[in-house]
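A.B. asks: based on what follows, work out the 3D shape:
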Amino acid sequence: MLATSAGLTAVSLLVVQRIVERQVRLNLRVDLANSVETFRNVQKERQDSLARSAALMADLPVLKSLMTSRHAPTIQDGSTELFRLSGGDLFALMDRQNQVVGFHTRAPGITQEQAQLVWEHRHETDSTRQWWIASGHLYEVFLAPIYLPQADNLQLGTLAIGYEIDRDLAHELARVAAGQVAIVCDGREVASTINPFDIATLQREVESRGPDAGTFDVMLGKESFVMTSLVLNPAAPEVTVLVMKSYDQAAQFLGHLRQLLLGVGLVAVLIGSLLVYLLASTFTRPLEKLVEGVRALGRGDYSFPLNTKADGEVGEVTKAFAGMRDSLQNAQQRLLHSERLATIGIMASSISHDLRHPLTAVLANAEFLAEPDLTPGQREELYLEISIAVHRLTDLIDSLLELSRPAESLNLAEGAIENPVSRAIELIRAHPEFQKIKVGIASRGVHYVTCDNKKMERVFYNLLLNSCQAVQPAGGNVAVTVENGNRLVDVRITDNGPGMDTSIRDKAFHPFVSHGKENGTGLGLTIAQKIVQDHSGVLEIEQSSPGCTVMRISLPRTASDGASRCLGVPEG
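C.D. replies: Sure thing, here's the model as predicted:
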């Protein structure tokens, strides 16, 4: 939950930041468009003002009277006061022969000779507005004809009033546009508030995008700008105004916003952490404790401590589980007690039958030994009968003791499982009645387990004995194979006997179950299974059918690894 809360907070902050950045960029574009429109309006007002000023000046009687003198020095001297009244940066008077007869500038810039050349090479003779450029000085000039009304509007000449496009004007326009401005004439900078080294880059951007590029982004060094261009004069000389605003400056507040969002995110994560801690204390940890108690109950641990003092629904569930566990433990104890009584009854019934027969034989043969007229041969025969009966009683008692021994009594040691198997085969081959039965072991490699060799030898002996008793003396075959399983060592004992009946197979490992044996106690498979289980292994009937019965023993194998070899016991 903490990771989810932090992730959602981070994603939310990132989305908010992206939206704000996009909105800032959009607002900057709109602001730049508004600034350009404001600049256009101010420029139009300036042009209208100068156009009216030129028209008014051209209609002054003093100017008309001055132009009628047709004497250039007189006109030059007489126009000085008129120039001051015009308020422009350039004042020029041209006669009917298109000669400049009066010329004044507020600051050194274009000369009268240059003005004459510009006037002679003008393109738009009928236009009231022209752009004059010479020696790097650019003027926007407004023209007005000078007429003599008394002579049917005879044109005496032309008046030109203009203002210079200089750095001061560029700064003024930059303040109006609320950005940075560069005025370019025929590809050369005339006035600018932009670094001169960046103007060439800006011009290339404008040329590559075309006249209808509108507003676009441009990078100057490591700073991002939003830029647009405004064409003031599309004809020669071509005059363009470049206006741009810094996105980085406009987005400075995003740093403060990012810090604010980060602070809000940290607070949200801290609050989420506190909520997660409270939730874990209230629900998660008691539930984990309850789950551990359920797992412990599955392992048979009825004493696992539970937090029955918890509040709420979890506490109620824990208390209910504790009560159920106590009831289950009591019921299991009662069931175990009943099963023990039943087992004792069955065992007593079976033992009484198994003990009565050998004891009866001992008693009868002992009475026969008391007869005085017995021959030595008869006495030896009776003694053998008594000895066989006593051995049966001893085996029965040993089997019962083996069933009662705990797993802790095992003498465990690491070794090859092939060793107890080989010794069990040797004991089986020592029986005279099994001499014609083929018994062998096949093992590819040495398989190490931790076991009690004596106990496992008895397991293999019991299983081999059952297999040898099940097969025919002639043609009988018992094979033992050892191989690695999944973290286990599997030992399979296979015989070609008739197999087990289904009724016997289901209860083959129950105590005192015997089939087809006259002197069997019915404890061989029970003892073998108990020993294997004490070794944390499994003994089961893997297959039983006529001609093939397979008993499988699976024991945990150790990490030791022996050299690959094949162990074998001669067959037959």
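A.B. asks: going forward, measure contacts and count neighbours with C-alpha atoms only.
C.D. replies: Fine.
A.B. asks: list the contacts for Ala92?
C.D. replies: Val100, Val101, Gly102, Phe103, His104, Leu159, Ala160, Ile161 (Cα atoms under 8 Å, 6 or more residues apart in numbering).
A.B. asks: next helix or strand past the helix or strand where Asp168 lies?
C.D. replies: Using DSSP states H and E, Asp168 falls within helix 167-177. Remark: after helix 167-177, the chain's next helix or strand is strand 180-185, criterion DSSP H and E.
A.B. asks: for that following strand, what is the average pLDDT?
C.D. replies: Averaged across strand 180-185, the pLDDT comes to 87.
A.B. asks: likewise for stretch 6-18?
C.D. replies: For stretch 6-18, the mean confidence score works out to 76.
A.B. asks: can you list the buried residues in it?
C.D. replies: Residues of stretch 6-18 classed as buried by neighbour count (16 or more other Cα atoms under 10 Å): Ala6, Thr9, Ala10, Leu13, Gln17.
A.B. asks: now swap in stretch 106-125 and tell me
C.D. replies: Buried-residue list, stretch 106-125, by 16+ other Cα under 10 Å: Gly109, Ile110, Gln112, Ala115, Gln116, Trp119.
A.B. asks: what does that stretch rub up against?
C.D. replies: So stretch 106-125 is contacted by 88-90, 98-100, 103, 130, 132-135, 137 (Cα under 8 Å, 6+ apart).
A.B. asks: secondary structure for the contacts of Ala92 - can I get that in TSV?
C.D. replies: Shown next, in TSV, are the contacts of Ala92 (DSSP: H, G, I helix; E, B strand; the rest coil):
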residue	secondary structure
Val100	strand
Val101	strand
Gly102	strand
Phe103	strand
His104	strand
Leu159	strand
Ala160	strand
Ile161	strand
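A.B. asks: quick one: contacts of the helix holding Asp168?
C.D. replies: Taking Cα under 8 Å, 6+ apart as the rule, helix 167-177 contacts 32, 35-36, 38-39, 180-183, 191-193, 243.
A.B. asks: try it again with 7 Å
C.D. replies: Ser35, Val36, Thr38, Phe39, Gln180, Val181, Ala182, Ala191, Ser192, Thr193 (Cα atoms under 7 Å, 6 or more residues apart in numbering).
A.B. asks: run the angle between that helix and strand 180-185 for me.
C.D. replies: For helix 167-177 against strand 180-185, the angle by axes from the mean of the first three to the mean of the last three Cα atoms, to 10 degrees is 130 degrees.
A.B. asks: next one: helix 167-177 to chain centre, how far?
C.D. replies: Using Cα atoms, centre = their mean, to the nearest Å, the mean C-alpha position of helix 167-177 is found 55 Å from that of the whole chain.
A.B. asks: next: stretch 176-194.
C.D. replies: 52 Å.
A.B. asks: now do stretch 295-314
C.D. replies: Its chain's C-alpha centre and that of stretch 295-314 lie 35 Å apart, by Cα atoms, centre = their mean.
A.B. asks: got a list of contacts for that stretch?
C.D. replies: Phe283, Pro286, Leu287, Lys289, Leu290, Gly293, Gly315, Thr318, Lys319, Arg325.
A.B. asks: coming back round to it: dump the helix holding Asp168 to CSV, restricted to CA.
C.D. replies: Coordinates of each C-alpha in helix 167-177 appear next as CSV, following Å, rounded to 0.1, in the frame of the first residue of the first chain:
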residue,chain,number,x,y,z
ARG,A,167,18.0,50.7,-31.0
ASP,A,168,15.9,53.1,-28.9
LEU,A,169,12.9,52.3,-31.0
ALA,A,170,13.7,48.6,-30.8
HIS,A,171,13.7,48.8,-27.0
GLU,A,172,10.5,50.7,-27.0
LEU,A,173,8.9,48.1,-29.2
ALA,A,174,10.3,45.4,-27.0
ARG,A,175,8.5,46.9,-24.0
VAL,A,176,5.3,47.2,-26.0
ALA,A,177,5.6,43.6,-27.1
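A.B. asks: average pLDDT for that helix?
C.D. replies: 83.
A.B. asks: what does stretch 37-45 give?
C.D. replies: For stretch 37-45, mean pLDDT rounds to 83.
A.B. asks: how near is Leu148 to Val471?
C.D. replies: 150 Å (Cα to Cα, to the nearest Å).
A.B. asks: which of these two has more residues huddled nearby?
C.D. replies: Shown here are Leu148 and Val471; by other Cα atoms under 10 Å, Val471 has more neighbours (20 against 17).
A.B. asks: backbone dihedrals for the more buried one, please?
C.D. replies: Main-chain dihedrals, Val471, degrees, to the nearest 10: phi -80, psi 170.
A.B. asks: could you look up the SS state of the closest residue to it other than its chain neighbours?
C.D. replies: Nearest residue to Val471, sequence neighbours excluded (Cα to Cα, 6 or more residues apart in numbering): Gly497, at 4.2 Å. For Gly497, the assignment made with three-state DSSP gives coil.
A.B. asks: again, but for the one 10 residues further on
C.D. replies: Using three-state DSSP, the structure places Lys507 in coil.
A.B. asks: quick one: residues contacting Glu140.
C.D. replies: Shown in contact with Glu140 (Cα under 7 Å, 6+ apart): Gln130, Trp131, Trp132, Gly162, Tyr163, Glu164.
A.B. asks: do you have the helices of the stretch 251-400 of the chain handy? List them.
C.D. replies: Under the criterion DSSP state H, counting those that start in this stretch, the stretch 251-400 of the chain carries helices at the ranges 252-279, 285-298, 312-369, 376-404.
A.B. asks: need the winner for burial among these.
C.D. replies: helix 285-298 (a mean of 16; mean count of other Cα atoms under 10 Å).
A.B. asks: so what's Gln203 scoring on pLDDT?
C.D. replies: For Gln203, the predicted pLDDT is 77.
A.B. asks: which one is it nearest to, not counting chain neighbours?
C.D. replies: Take Gln203 and drop its neighbours on the chain: the residue closest to it by Cα to Cα, 6+ apart is Gly187, 7.6 Å away.
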